[in-house]
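J.: Fold the following and give me the result.
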Amino acid sequence: MPGQVVIDCFPESLDRYGPDWAVVAVDVIRATTTAVTAVASGRGCYPAPTLNDALELAAGLDRPLLVGELGGSMPFGFDLNNSPAALADRTDLQRPAVLLSTTGTRLLARTSPGQAVYAACLRNLTAQVVRAAGRHERVAVIGAGARGEFREEDQLACAWIAAGLVEAGYRPLGPTAGLVARWRDAPVDAVARGASAEYLRRSGQLDDLEFILGHVDDLDATFELNGRGLVMVPAGGWPA
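T.: Numbers count the residues shown, from 1 in each chain. Okay, the predicted model is just below:
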């Protein structure tokens, strides 16, 4: 029996996918890009669904970095915005990152206990397809969304991952085939034309947009939720 793949959006959609579904969480601008970048550099990363959860997680860690935003603004007392570019520039890799965002970390942290959960972005598209194909019979590729909108960059990344699974023999469900057809051949710089990219321009955060567009499929690894933290699994390997 062929596997099944579906594209969906928003943390609230998780209720439709029980433990027998693997969840691939996508928030290109910026939470999953920040998370993947942190772990790929050798830094621990702990996604938090709420500010209180972030503070609770931080209290149990050694000299953590509080990283993130709510509604586009960095919370009081945080060390860093939800910025993959800024995090990549830091050398204090021994300090774990507690990551908070408006929707992306809620999507990661509120999945079902025991569920296979991956953080994916433009950096690890191919590796994510290879890891999921044949390993999971049901795969839900879910965009984080923002302000009730399934953002262009997340549609593109979700569609590229789903397209790879369809090519591997998975059956697309719901709107998946249409989204794959729409985005399969789109150039990656389509990301730069969306509302999220425009927000980065208006707010003077172009470094993040340049980082995202400059790091496409450059990591041959997946990033999987293990307890409350993410771990990197190199292609064909075990968690690092």
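
J.: When you work out contacts or count neighbours from here on, use the C-alpha atoms and nothing else.
T.: Will do.

J.: Now do stretch 114-121, average pLDDT.
T.: Across stretch 114-121, the average pLDDT comes to 96.

J.: could you pull out the strands for the chain?
T.: Using DSSP state E, the strands of the chain run over residues 4-9, 22-26, 45-48, 65-68, 97-100, 117-120, 138-143, 171-173, 221-226, 229-234.

J.: helices and strands around the top helix by length along the chain, which ones?
T.: For the chain, the helix that runs over the most residues, judged by DSSP state H, is helix 152-167. Taking 3 or more Cα pairs under 8 Å, 6 or more residues apart in numbering; DSSP states H and E as contact, the helices and strands that helix 152-167 lies on are strand 4-9, strand 22-26, helix 125-132, strand 138-143, helix 176-183.

J.: mind putting those in JSON lines, mean pLDDT, distance to Glu153 and mean neighbour count included?
T.: Formatted as JSON lines, the helices and strands packed on helix 152-167 follow (pLDDT from 0 to 100; distance: least, Cα to Cα, whole Å; neighbours: other Cα atoms under 10 Å):
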{"stretch": "strand 4-9", "mean pLDDT": "98", "distance to Glu153": "12", "mean neighbour count": "23"}
{"stretch": "strand 22-26", "mean pLDDT": "98", "distance to Glu153": "9", "mean neighbour count": "28"}
{"stretch": "helix 125-132", "mean pLDDT": "97", "distance to Glu153": "13", "mean neighbour count": "21"}
{"stretch": "strand 138-143", "mean pLDDT": "98", "distance to Glu153": "9", "mean neighbour count": "26"}
{"stretch": "helix 176-183", "mean pLDDT": "98", "distance to Glu153": "10", "mean neighbour count": "18"}
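
J.: do you know how far Gly169 is from Arg201?
T.: 40 Å (Cα to Cα, to the nearest Å).

J.: Enumerate the positions of the helix or strand bottoming out on mean pLDDT in the chain that are buried.
T.: Across the helices and strands of the chain, mean pLDDT, DSSP states H and E gives its lowest value to helix 195-202, namely a mean of 92. Residues of helix 195-202 classed as buried: 196-198, 200 (neighbour count, 16 or more other Cα atoms under 10 Å).
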